[in-house]
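Asker: mind looking at a prediction? Sequence and model below.
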Amino acid sequence: MRDNLTGPDMSARLLAWYDRSARAMPWRIGPQDRAAGERADPYRVWLSEVMLQQTTVAAVRAYFERFTARWPTVADLAAAPDADVMAEWAGLGYYARARNLLKCARAVTALPGGFPDTEDGLRALPGIGPYTAAAVAAIAFDRPAVVVDGNVERVVSRLFAVETPLPKAKPALTALAATLTPQARPGDHAQAMMDLGATICTPRKPACGICPLMGACAAQAKGIAADLPRKLAKTEKPTRHGIAYLARRSDGAWLLERRPDRGLLGGMLGWPGSDWTATPTPTEAPPLSADWQRPNTPVRHTFTHFHLILTLRVATVGMEAQPATGTFVADLDPGDLPTVMRKCHDSALAHF
């Protein structure tokens with residue numbers, strides 16, 4: 001029989017579980033610390049939430065620790081050179097986030113009180129959307145904001161047995177999540193919902209037997225918990241093709257260019273190359289005259305909306321080389337490159 005719990009009942013049960021089982025995160029204040037009067041730093045909450053968009057906790061942890069060691073405050077980040085921040089971000093993907101990170105940090109630093117403490121105030125900042133505004137308002141400022149990420153969508157869809165597929169179900173799931181959000185400890189509640197989805201109410205094989213809300217879950221009672229949330233069938237990703245030119249000067253310097261600020265990989269270092277198009281034979285556009293070799297193995301990479309196949313061209317050039325685009329960079333750290341560009345580098349090394 002399903003327990004007939006109200007929203008406040010479920011939140012209270014969830015918070016009791018969170019007090020015992022909260023995951024330790026470098027950006028979090030633990031329940032015991034919060035009870036002792038410590039408060040979350042809005043800078044660290046905001047930074048973590050931006051990094052966690054479309055990225056896993058495991059991938060973000062090391063980046064977050066490096067960022068906060070190098071730029072401990074939002075003012076430190078605001079004063080950082082763009083190129084340094086983009087280099088630290090390399091590998092996290094979704095590079096528009098890094099550009100907006102700097103814009104937001106500089107906007108916050110210009111405000112007399114720093115980060116606004118309301119959802120509306122936070123949403124007025126560059127790059128902060130409804131989810132991030134709600135998360136920062138709840139976790140850093142104890143505002144009873146409704147925080148709904150993918151984990152929360154999954155938990156709520158199962159608790160209430162919402163069978164409407166995503167993304168159509170999003171408004172209904174947000175409304176139901178609002179019925180659970182308490183006035184007291186809303187930040188802990190939001191993080192408890194996230195932890196529940198990440199550790200127990202997982203996408204596959206949810207551990208219903210140890211769930212703190214066991215007995216209150218409509219989907220578990222119906223035997224359909226593992227089937228929710230339902231999702232509309234995804235359309236097949238298209239494939240794009242391009243050419244990347246990797247030129248290495250006789251002194252070891254590499255020819256690189258910084259991509260335009262707008263667009264995919266905006267503001268990041270990369271190899272000169274052709275446009276990325278649907279045609280399997282992109283137009284050759286070498287950045288300088290050289291004896292370009294053609295490795296047989298292309299580089300493959302998948303972005304959110306398409307697959308990319310890059311054909312490589314590699315050449316060693318003399319000190320007199322004058323490229324039409326890009327600049328030779330000595331002492332290149334491949335870790336400063338976005339993942340797809342690093343793949344090109346690693347593949348090309350065998351040909352020099």
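Answerer: Right, received. Where do you want to start?

Asker: now stretch 327-346: how far from the chain's centre is it?
Answerer: 21 Å (Cα atoms, centre = their mean, to the nearest Å).

Asker: repeat for stretch 7-15
Answerer: 29 Å.

Asker: same deal with stretch 297-308?
Answerer: With Cα atoms, centre = their mean, you get 18 Å for stretch 297-308.

Asker: got the end-to-end distance for that stretch?
Answerer: 14 Å (Cα to Cα, to the nearest Å).

Asker: can you give me the neighbour number for the closest residue to A98 other than its chain neighbours?
Answerer: Nearest non-adjacent residue to A98, counting by Cβ to Cβ, 6 or more residues apart in numbering: W89, 4.0 Å away. C-betas here are computed from N, CA, C, even on glycine. Using other Cβ atoms under 10 Å, W89 has 23 neighbouring residues.

Asker: report the contact partners of W89.
Answerer: Taking Cβ atoms under 8 Å, 6 or more residues apart in numbering as the criterion, W89 is in contact with Y63, Y95, R97, A98, L101.

Asker: what are the ranges of the helices in this structure?
Answerer: Remark: helices assigned in the chain by DSSP state H are 7-21, 31-35, 42-52, 57-70, 74-78, 82-89, 96-110, 119-123, 130-141, 150-159, 170-180, 186-199, 218-222, 339-348.

Asker: worst average pLDDT in those helices?
Answerer: Comparing mean pLDDT across those, the lowest value falls on helix 31-35: a mean of 73.

Asker: surely T118 touches R143?
Answerer: Yes. Applying Cβ atoms under 8 Å, one finds T118 in contact with R143, separated by 6.6 Å.

Asker: those two - which one has more neighbours?
Answerer: R143 (18 against 14).

Asker: could you find the closest non-adjacent residue to that one?
Answerer: Nearest to R143 is A137, by Cβ to Cβ, 6+ apart, at 3.9 Å.

Asker: can you get me a residue count around the one you found?
Answerer: Neighbourhood size, A137 [other Cβ under 10 Å]: 29.

Asker: cool, and G150?
Answerer: By the measure other Cβ under 10 Å, the count of residues near G150 is 14.

Asker: ok, it to A244 distance?
Answerer: Using Cβ to Cβ, to the nearest Å, G150 is found at 33 Å from A244.

Asker: who's in contact with the residue nearest to R143?
Answerer: Taking Cβ under 8 Å, 6+ apart, one finds D117, T118, E119, L122, R143, A145 in contact with A137.

Asker: of those, closest to P280?
Answerer: L122 (45.3 Å; Cβ to Cβ).

Asker: that closest one against T132, yeah?
Answerer: Yes. L122 lies in contact with T132 (Cβ under 8 Å); the separation is 7.3 Å.

Asker: of those two, which one has the most company?
Answerer: Taking other Cβ under 10 Å, L122 and T132 do not tie; L122 has more neighbours (27 against 23).

Asker: ok, now which ones touch A124?
Answerer: P116.

Asker: may I have the residues that are in contact with the nearest residue to D346 once chain neighbours are set aside?
Answerer: Counting by Cβ to Cβ, 6+ apart, P334 is the residue found nearest to D346 once chain neighbours are left out, at 7.1 Å. Listed by Cβ under 8 Å, 6+ apart, the contact set of P334 reads R342, H345, D346.

Asker: which of those residues are buried, as a ChimeraX select command?
Answerer: The following ChimeraX line selects those of the contacts of P334 that are buried, judged by 16 or more other Cβ atoms under 10 Å:
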select :342,345
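
Asker: ok, so of the contacts of P334, who is nearest M319?
Answerer: H345 (21.1 Å).

Asker: distance check, the closest one against A138.
Answerer: For H345, the distance to A138 - Cβ to Cβ - is 41 Å.

Asker: wait, isn't D41 in contact with A140?
Answerer: Yes. If you go by Cβ under 8 Å, D41 and A140 touch, sitting 7.2 Å apart.

Asker: looking at the two, which is more packed in?
Answerer: Set D41 next to A140 and count neighbours by other Cβ under 10 Å: A140 wins out with 22 against 17.

Asker: how about W17, nearest residue that isn't a chain neighbour?
Answerer: Spatial nearest neighbour of W17, chain neighbours left out: P212 (3.6 Å); criterion: Cβ to Cβ, 6+ apart.
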